[in-house]
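Enquirer: Sequence first, predicted model second:
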2 protein chains.
Amino acid sequence: MESAMSQPTETPYEPTERTIPTRSRERASYDRELVHSILDTAYVCHLGFVRDGAPVVLPTLFARVDERLYVHGSTGSRPLRMAGQADPGLPVCLTVTHVDGLVLARSAFHHSLNYRSVVVHGTARQVTDPAEKRTALDALVDHAIPGRAADSRPADAKELAATAVLRLDLTEVSAKTRTGGPNDDPADLSLPYWAGVVPVAVTSGTPVPAADLAPGTPVPDYL
Amino acid sequence: MESAMSQPTETPYEPTERTIPTRSRERASYDRELVHSILDTAYVCHLGFVRDGAPVVLPTLFARVDERLYVHGSTGSRPLRMAGQADPGLPVCLTVTHVDGLVLARSAFHHSLNYRSVVVHGTARQVTDPAEKRTALDALVDHAIPGRAADSRPADAKELAATAVLRLDLTEVSAKTRTGGPNDDPADLSLPYWAGVVPVAVTSGTPVPAADLAPGTPVPDYL
């Protein structure tokens, strides 16, 4: 565990050639708190890796613990097997995106999305330390439903053995965000088209109990 | 334009080594209508490509026209430049994911997500035909807001020249879905933990007019 566990949140991530965008640089940020908030509120990430020279992008559950991300899966899944076989690990790109609004401009050209995204470049390594693996698995459950890990049956030895966990350190990281209304050309402002933003949000509904749930089991407070 | 424009929807996509999952095969589908419906209701895709041997995954607007996907961006953006320079194009993986629910099992191990995802493998090529480029740009606007392309100022020659469009044919394609409640081990069913599904959905809110919108401009019916 040679890498930093945590960093002061006021210290931004160091930009690199890969994390400095070629365009719309004003939308990029290396702010640690912003990056954490974008990561912590997303249910899935998109994990990219290279297989036989070609890119593969898979949606994956993930969790953050300080300056580390964890993803997990069956020991038989492709990226997890590949990361276990590769030394020092598997080069990956992990991306998280929230869509916040549809931006309608008078011109087709200036239509856009309001969004918040994070892109992490790095090397994913298999977690072999049993304590770190348990911490990661708890974090994966608590990421989507804070408080749930302590209110469920922990993994037993067989389940732990069947689960592979990858770690990706948050070192080469950037956020990108767009907010606000359309940026129409001045000459287009008098055109008769409606312009503005349609807000978009992810909402969760009323919990639906399992068909075989014992009657009277209360819905937990964390839901 | 050697590839098929459209196919009967009853003909499924042909599975390939890359689109047959190594696990949870019962969740995979090659059904054309299912794939189209997952693609058509997503605001963004995650586009993966390889740069200097490492994976890159970027959130991107996209649209479907029959059996083709289009993504667009500034002629200066990395994947679009790379696809323009590569012959015959840029190997990509384009992935779309909807999260439909959080699945809470009695055991931490069986926690899951309900989701619908599509993964497309292929080669992205720059669109050079002006008519196809216009069709693609209209589709990109109408993808998020059906009916909007006809109700905005079309791109002029300068805007068309500044925009690059990539085409990706839908040939190597699979969907993966999970639905339903938790799959707990029989021995866990009597544990005192709540189990079930928390539904998750993307919703759009009330349109917010641009600050400089002329007073009295009606909100269009398609919103």
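Expert: Nice, I can see it. Residues are numbered from 1 along each chain as shown, chains lettered A, B, ... in the order given.

Enquirer: switch to C-alpha atoms for all contacts and neighbour counts from now on
Expert: Noted.

Enquirer: contact partners of the longest helix seen in chain A?
Expert: With secondary structure taken from DSSP state H, chain A has its longest helix at helix A:130-144. Contacts to helix A:130-144, defined as Cα atoms under 8 Å, 6 or more residues apart in numbering or on different chains, come from residues A:40-43, A:61-65, A:70-72, A:127, A:148-149, A:165, B:102, B:108, B:111.

Enquirer: repeat for stretch A:41-50
Expert: Here stretch A:41-50 makes contact (Cα under 8 Å, 6+ apart) with A:55-62, A:79, A:90-98, A:143-144, B:46, B:48, B:50, B:53-57, B:99.

Enquirer: Kindly export that stretch (C-alpha atoms) in PDB.
Expert: C-alpha atoms of stretch A:41-50 as PDB (Å, rounded to 0.1, in the frame of the first residue of the first chain):
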ATOM      1  CA  THR A  41     -23.400  10.100  -6.100                       C
ATOM      2  CA  ALA A  42     -23.200   7.900  -9.200                       C
ATOM      3  CA  TYR A  43     -24.600   4.300  -9.100                       C
ATOM      4  CA  VAL A  44     -22.300   3.000 -11.900                       C
ATOM      5  CA  CYS A  45     -19.100   3.800 -13.600                       C
ATOM      6  CA  HIS A  46     -18.000   2.900 -17.100                       C
ATOM      7  CA  LEU A  47     -14.700   0.900 -16.900                       C
ATOM      8  CA  GLY A  48     -12.600   0.900 -20.100                       C
ATOM      9  CA  PHE A  49      -9.700  -1.400 -20.800                       C
ATOM     10  CA  VAL A  50      -7.900  -2.800 -23.800                       C
END
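
Enquirer: buried set for that stretch?
Expert: A:42, A:43, A:44, A:45, A:46, A:47, A:48, A:49, A:50 (16 or more other Cα atoms under 10 Å in any protein chain shown).

Enquirer: Including distance to residue B:118, could those residues go into a markdown table?
Expert: Below are the buried residues of stretch A:41-50 laid out as a markdown table (distance: Cα to Cα, whole Å):
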| residue | distance to residue B:118 |
| --- | --- |
| A:42 | 19 |
| A:43 | 17 |
| A:44 | 14 |
| A:45 | 14 |
| A:46 | 12 |
| A:47 | 14 |
| A:48 | 14 |
| A:49 | 17 |
| A:50 | 18 |
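
Enquirer: Mind checking which of the residues you listed are in helices?
Expert: Per DSSP H, those never map to helices.

Enquirer: In strands only, show me these.
Expert: Using DSSP state E, the subset of these located in strands is A:45, A:46, A:47, A:48, A:49, A:50.

Enquirer: and the gap between the fifth one and residue A:92?
Expert: Taken as Cα to Cα, to the nearest Å, the spacing of residue A:49 relative to residue A:92 amounts to 5 Å.

Enquirer: still on that earlier bit, now the contacts of helix A:130-144: which count as buried?
Expert: Judged by 16+ other Cα under 10 Å, buried ones among those: A:40, A:42-43, A:61-65, A:70-72, A:127, A:148-149, A:165, B:102, B:108, B:111.

Enquirer: A strand includes residue A:166, no?
Expert: Yes: counting by DSSP: H, G, I helix; E, B strand; the rest coil, residue A:166 is located in a strand.

Enquirer: what pairs with it across the strands?
Expert: Listed by DSSP bridges, the beta-bridge partners for residue A:166 are residue A:71, residue A:126.

Enquirer: residue with max distance from the center of chain A?
Expert: Taking Cα atoms, centre = their mean as the measure, the residue most remote from the mean C-alpha position of chain A is residue A:190, 40.4 Å away.

Enquirer: which other helices and strands contact the helix or strand encompassing residue A:79?
Expert: For residue A:79, the host element (DSSP states H and E) is helix A:78-85. In this structure, helix A:78-85 makes packing contacts with strand A:68-74, strand A:90-104, strand A:112-126, strand A:163-169, judged by 3 or more Cα pairs under 8 Å, 6 or more residues apart in numbering or on different chains; DSSP states H and E.

Enquirer: With mean pLDDT added, can I get those strands in TSV?
Expert: Listed next are those as TSV, based on pLDDT from 0 to 100:
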stretch	mean pLDDT
strand A:68-74	90
strand A:90-104	97
strand A:112-126	97
strand A:163-169	95
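
Enquirer: what comes into contact with the helix or strand bottoming out on mean pLDDT in chain A?
Expert: Least confident helix or strand, chain A: helix A:78-85 with a mean of 79, by mean pLDDT, DSSP states H and E. Outside helix A:78-85, the residues that touch it by Cα under 8 Å, 6+ apart are A:49, A:72-75, A:89-90, A:124-126, A:164-166, B:22.

Enquirer: Among those, name the buried ones.
Expert: Looks like the contacts of helix A:78-85 have A:49, A:72-75, A:89-90, A:124-126, A:164-166 buried, using 16+ other Cα under 10 Å.

Enquirer: Go through these and name the one nearest chain B.
Expert: Proximity of the buried ones among the contacts of helix A:78-85 to chain B (Cα to the nearest Cα) peaks at residue A:49, which lies at 5.3 Å.

Enquirer: how close does the closest one sit to residue A:62?
Expert: Residue A:49 is 15 Å from residue A:62, by Cα to Cα.

Enquirer: likewise residue A:124?
Expert: According to Cα to Cα, residue A:124 and residue A:62 sit 12 Å apart.

Enquirer: Likewise for residue A:182?
Expert: 33 Å.

Enquirer: and what of residue A:51?
Expert: 21 Å.

Enquirer: check contacts around residue A:35.
Expert: Taking Cα under 8 Å, 6+ apart as the test, what residue A:35 contacts is A:118, A:174, A:175.

Enquirer: Looks like the first one contacts residue A:93 (just checking).
Expert: No: between residue A:118 and residue A:93 there is no contact, the gap being 10.2 Å when judged by Cα atoms under 8 Å.

Enquirer: Now the buried members of the contacts of stretch A:41-50.
Expert: A:55-62, A:79, A:90-98, A:143-144, B:46, B:48, B:50, B:54-57, B:99.

Enquirer: nearest spatial neighbour of residue A:123, skipping sequence neighbours?
Expert: residue A:91 (4.4 Å; Cα to Cα, 6 or more residues apart in numbering or on different chains).
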